[in-house]
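# Give me coordinates for this.
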Amino acid sequence: MSKQKMEEKVSSLLLPVIEELGFELVDVEFVKEGANRYLRLFIDHPEGVDLQDCETVSRAVEPLLDEKDLIRESYILEVSSPGLTRPLKRDIDFQRCLGQKVVVKTYAPLDGRKTVEGVLEYFDQDNLVLQEDKGKVVIPRINVSLVHRAIEF
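Reported below is the predicted structural model:
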């Protein structure tokens, strides 16, 4: 089974349990680092996520993962907050960030650069529209490799 398919199956399996606990499942990653494999669940909550929340979710999903046995090889389960620079992937993520400063990284250069930073003004299924100091930038979503909130100090 492909990595993407595995992540989708895990997400579908765990989403109801995580939502029932009052959290949002932001992302699922199944990665190999060195000799170890990791199943990483990123959860969020409007009031933030603390260590106890991560432990609660971990204890709730472990029995289900063991029972369904979707992942044949051994792995380490990690549950955490997505952090300040969480990737924006879904329309609901973009909706939450309308009017906020974001960083967009692209696969191919756009006007000679692969990183654009500006205020997210609009999005649809095809494009993201950012307001920069020098004007509006329209970025085709098919060219977007990563989007996250900008951190300002």
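
# most distant residue from the middle of the protein?
For the chain, the largest distance from the centre (C-alpha atoms, centre = their mean) belongs to residue 134, which lies 29.2 Å off.

# what residues are up against residue 64?
Contact analysis of residue 64 by C-beta atoms under 8 Å, 6 or more residues apart in numbering lists 13, 14, 17. Every C-beta, even on glycine, is put in place using the N, C-alpha and C of the backbone.

# Pick the one among those residues closest to residue 42.
Closest approach to residue 42 among these (C-beta to C-beta): residue 14, at 11.6 Å.

# what's the helix or strand for that closest one?
Using DSSP states H and E, residue 14 sits in helix 3-20.

# Partner strands of the very next helix or strand once past that helix, with direction?
Toward the C-terminus, helix 3-20 is succeeded by strand 24-33 as the next helix or strand (DSSP H and E). According to DSSP bridges, strand 24-33 has the following sheet partners: strand 36-44 (antiparallel).
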